[in-house]
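Participant: pasting the sequence and the predicted coordinates here, then a few questions.
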Amino acid sequence: MQKIYEGKAKILYQSEDPNVFLTYFKDDATAFNAQKKGQIEGKGEINCTITTALYRWLESKGVSTHLIERISPNQITVQAVEIIPIEVVVRNIAAGSLCRQTELDEGTVLPEPLVDFYLKNDALGDPLLTTERIRILNIASQEQITQITELAKKVNYLLQEFFLSCEIILVDFKLEFGLNHQGKILLADEISPDTCRLWDKKQSDPMSRILDKDRFRRDLGGVESAYGEVQKRVLSRVDSL
């Protein structure tokens, strides 16, 4: 298959069908805009498993995704989409860059979910966008911005409920959206411990509760076991529904 794109965590290939891509999940791990690099054993398979399970569950709740099917432990086929170059970050609790850029303490519960937009551009450091800047850059229409915001809030509402049933707190997470050949906006990319901040509800210690890539970012150790724990709880919950 022809390689279309290789990112930090996945490789995208063109299939024989022009409207179908194949996504391969890698074990590579990066942080701080790829300034820190490493490997997390089994990460590709875990993230592929979690993404497939969550996308299937979201589809059952009326959210359209690009997922077609899982064809191997770390590969899925997806609808070919043109990615809208905006990273959509939904925040429920203050953490990460929100704390660095404001006076909010980590762990502060926000009065309502905050939806932030970032330009998907590694060379520029994925800068924060306003809706006005999005329009000036002509990367999305006002109608698309509105639709993406509503979809992000819906996904957040559903995932908060889902993860709480797994005794996991959804702190914040990143989404990407794309347009299929019919011009329909679909949830794309992945949802996994790579793209979410997830805290173990059963743990009170600020370090022990981390179940996501922050364990890699902060050199906390136990990265593989944290990812594996998320996978175990997600699959257990999906199987019970």
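Facilitator: The structure has been received and is ready for your questions.

Participant: grab the nearest non-local neighbour of residue 175.
Facilitator: Closest residue to residue 175 apart from its sequence neighbours, by Cβ to Cβ, 6 or more residues apart in numbering: residue 88 at 4.5 Å. For the C-beta atoms, the positions are set from N, CA and C on the backbone; glycine is no exception.

Participant: assign the one you found to helix, strand or coil.
Facilitator: Look at residue 88: counting by DSSP: H, G, I helix; E, B strand; the rest coil, its state is strand.

Participant: got the confidence number for it?
Facilitator: Residue 88 carries a pLDDT value of 98.

Participant: what's near enough to touch residue 125?
Facilitator: For residue 125, the contacting residues are residue 33, by Cβ atoms under 8 Å, 6 or more residues apart in numbering.

Participant: actually residue 58, sorry about that
Facilitator: 65, 155, 158, 159, 187.

Participant: contacting residues around the longest helix anywhere in the chain?
Facilitator: Longest helix in the chain by number of residues (criterion: DSSP state H): helix 142-165. By Cβ under 8 Å, 6+ apart, the surrounding residues in contact with helix 142-165 are 54, 57-58, 61, 63, 84, 86, 88, 90, 92, 113, 115, 117, 131, 134-135, 140, 169-170, 173, 175, 177, 185, 187, 191, 198, 201, 237.

Participant: which strand residues bridge residue 12?
Facilitator: Under the criterion DSSP bridges, residue 12 forms beta bridges with residue 5, residue 23.

Participant: how close does it get to residue 91?
Facilitator: 28 Å (Cβ to Cβ, to the nearest Å).

Participant: who's more crowded, the two?
Facilitator: Using other Cβ atoms under 10 Å, the more surrounded residue of residue 12 and residue 91 is residue 91, with 22 against 18.

Participant: parallel or antiparallel, list what pairs with the helix or strand harbouring that one.
Facilitator: Using DSSP states H and E, residue 91 maps to strand 86-93. Strand pairing for strand 86-93, using DSSP bridges, gives strand 109-119 (antiparallel), strand 168-179 (antiparallel).

Participant: pick the most deeply packed of these.
Facilitator: strand 168-179 (a mean of 22; mean count of other Cβ atoms under 10 Å).

Participant: can you dump the C-alpha coordinates of the next helix or strand after that one into CSV?
Facilitator: Sequence-wise, the next helix or strand downstream of strand 168-179 (DSSP H and E) is strand 185-188. Output of strand 185-188 as CSV, limited to C-alpha atoms (Å, rounded to 0.1, in the frame of the first residue of the first chain):
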residue,chain,number,x,y,z
ILE,A,185,-17.8,16.0,9.0
LEU,A,186,-16.7,12.8,10.8
LEU,A,187,-14.8,12.3,14.0
ALA,A,188,-11.4,11.1,12.9
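
Participant: let the chain start at 472 from now.
Facilitator: Okay, residue one is now 472; in that scheme the one you just asked about reads as strand 656-659.

Participant: show the subsequent helix or strand relative to strand 656-659.
Facilitator: Counting by DSSP H and E, the next helix or strand C-terminal to strand 656-659 is strand 667-671.

Participant: relative to helix 613-636, how tilted is that next one?
Facilitator: On the basis of axes from the mean of the first three to the mean of the last three Cα atoms, to 10 degrees, strand 667-671 is oriented at 20 degrees to helix 613-636.
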